[in-house]
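Student: give me the fold of what follows.
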Amino acid sequence: MGLFDVHAHLTHPRMAEQLPAVLERARAAGLTSIVSNGLNPTDNAAVLELAEREPLVRPALGFYPVDTVLVAMRDEGVEYPRDGRDHSPEEGIEYLRENVQQAFAVGEIGLDGYWVPERFWPAQEAVFRTLVRIAMDADKAIIIHTRKREQRTLEILDELDAKRVNWHCFGSRVKLARRIAEQGHYLSIPANARRSESFTRMLQTLPRQRVLLETDCPYLGPEPGVASEPSHVAATTAYAAELWGVSPSEAQAQLEDNFEQLFGVRP
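Tutor: Numbers count the residues shown, from 1 in each chain. From the prediction side, this is the model:
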């Protein structure tokens with residue numbers, strides 16, 4: 001049996017200095033798979049390099065929703081708090097097209113209405129559709145990031161008939177989360193679940209067969225001010241068992257089965 005984290009950012013600068021210790025703590029906690037998600041071609045390349053060095057790491061290659069239109073946003077003077085090189089939509093799409101066979105999954109991809117003004121939404125949707133099609137053509141599971149555009153994201157996924165989908169850190173209504181689960185998609189719960197009414201409610205009410213675990217490290221730590229890391233999924237597993245009224249080993253077995261159903265391999 002093995003625990004897993006389906007959404008981590010091990011290439012984040014805040015993780016880099018302590019990465020060997022982070023991975024050692026993950027192994028000690030019983031993790032056998034960490035899916036590290038890329039944000040753009042530069043980050044994707046770093047994710048692939050890390051996965052080549054660390055058998056524990058599985059590479060997810062993505063194009064973050066804001067990044068898909070960031071060049072156009074900067075051209076119009078829209079502020080976005082991130083350093084580093086911006087990539088054009090064409091660069092992001094071409095990178096994924098050329099490297100998708102090396103990916104364990106495609107993600108994170110999706111739609112963002114929090115940072116991205118509405119006038120850029122059509123362009124963002126066009127890129128998203130293309131990325132979903134690349135993933136489906138390569139028979140890869142999709143990891144979704146969406147913020148303030150959950151309903152529209154679901155509409156597009158339904159339009160494209162995407163089935164192998166996990167929604168990471170779902171931030172909209174629990175009612176919509178239940179609808180997503182009923183359609184056969186998965187939703188991953190982060191390490192702050194015990195202090196989050198929304199994530200607790202999702203663990204309580206979603207079909208157990210549609211739940212996965214993540215950390216989104218270094219974000220969404222179990223306590224305020226604490227950086228998250230993959231080892232924290234052990235505590236989330238225990239919390240799920242508590243809410244489900246089963247033993248931790250039973251909860252872990254269910255979660256492992258869910259991982260295999262989505263990704264086609266055991267964690």
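Student: C-alpha only now, for contacts and for neighbours.
Tutor: Fine.
Student: which residues does stretch 23-38 contact?
Tutor: Applying C-alpha atoms under 8 Å, 6 or more residues apart in numbering, the contact partners of stretch 23-38 are 2-11, 44, 47, 56-64, 104, 107-108, 229-231, 234, 267.
Student: same question for stretch 74-85.
Tutor: Contacts for stretch 74-85 (C-alpha under 8 Å, 6+ apart): 73, 115.
Student: now that stretch: mean pLDDT?
Tutor: Taken as a whole, stretch 74-85 has an average pLDDT of 91.
Student: straight-line length of it, end to end?
Tutor: 12 Å (C-alpha to C-alpha, to the nearest Å).
Student: the stretch 101-250 of the chain: strands as residue ranges?
Tutor: Using DSSP state E, counting those that start in this stretch, the strands of the stretch 101-250 of the chain run over residues 105-112, 141-147, 165-168, 186-189, 211-213.
Student: okay, and which of the contacts of stretch 23-38 map to strands?
Tutor: Using DSSP state E, the subset of the contacts of stretch 23-38 located in strands is 3-8, 57-61, 107-108.
Student: Throw the residues you listed into CSV and include distance to residue 28, pLDDT and neighbour count, thanks.
Tutor: Formatted as CSV, those follow (distance: C-alpha to C-alpha, whole Å; pLDDT from 0 to 100; neighbours: other C-alpha atoms under 10 Å):
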residue, distance to residue 28, pLDDT, neighbour count
3, 11, 97, 26
4, 12, 98, 28
5, 14, 98, 32
6, 18, 98, 28
7, 19, 98, 30
8, 17, 98, 24
57, 15, 98, 22
58, 18, 98, 25
59, 21, 98, 25
60, 23, 98, 31
61, 26, 98, 34
107, 27, 97, 33
108, 27, 97, 25
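Student: what would the residues you listed look like in CSV with distance to residue 257?
Tutor: Formatted as CSV, the ones in strands among the contacts of stretch 23-38 follow (distance: C-alpha to C-alpha, whole Å):
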residue, distance to residue 257
3, 11
4, 11
5, 14
6, 13
7, 17
8, 20
57, 19
58, 18
59, 20
60, 20
61, 23
107, 21
108, 22
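Student: mind checking how far residue 44 is from residue 185?
Tutor: Noted for residue 44: a distance of 24 Å to residue 185, by C-alpha to C-alpha.
Student: now residue 55
Tutor: Residue 55 is 27 Å from residue 185, where distance means C-alpha to C-alpha.
Student: just the CA coordinates for stretch 94-105, please, in CSV.
Tutor: Only the C-alpha atoms of stretch 94-105 are listed here, as CSV (Å, rounded to 0.1, in the frame of the first residue of the first chain):
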residue,chain,number,x,y,z
GLU,A,94,3.8,23.2,-28.7
TYR,A,95,5.8,22.2,-25.6
LEU,A,96,3.0,20.0,-24.4
ARG,A,97,2.4,18.5,-27.9
GLU,A,98,6.0,17.6,-28.2
ASN,A,99,6.5,16.2,-24.7
VAL,A,100,3.1,14.8,-23.7
GLN,A,101,4.2,11.2,-24.0
GLN,A,102,6.7,11.8,-21.2
ALA,A,103,4.0,13.1,-18.9
PHE,A,104,2.3,11.0,-16.2
ALA,A,105,-0.6,13.4,-16.5
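Student: go through it and flag the buried ones.
Tutor: Across stretch 94-105, burial judged by 16 or more other C-alpha atoms under 10 Å covers 95-97, 100, 103-105.
Student: these in helices, which ones?
Tutor: 95-97 (DSSP state H).
Student: relative to residue 193, which of those is nearest.
Tutor: residue 96 (31.8 Å; C-alpha to C-alpha).
Student: just to revisit the earlier point, may I ask which two of the buried residues of stretch 94-105 are separated the most?
Tutor: Top of the distance list for those (C-alpha to C-alpha): 95 and 104, 15.0 Å.
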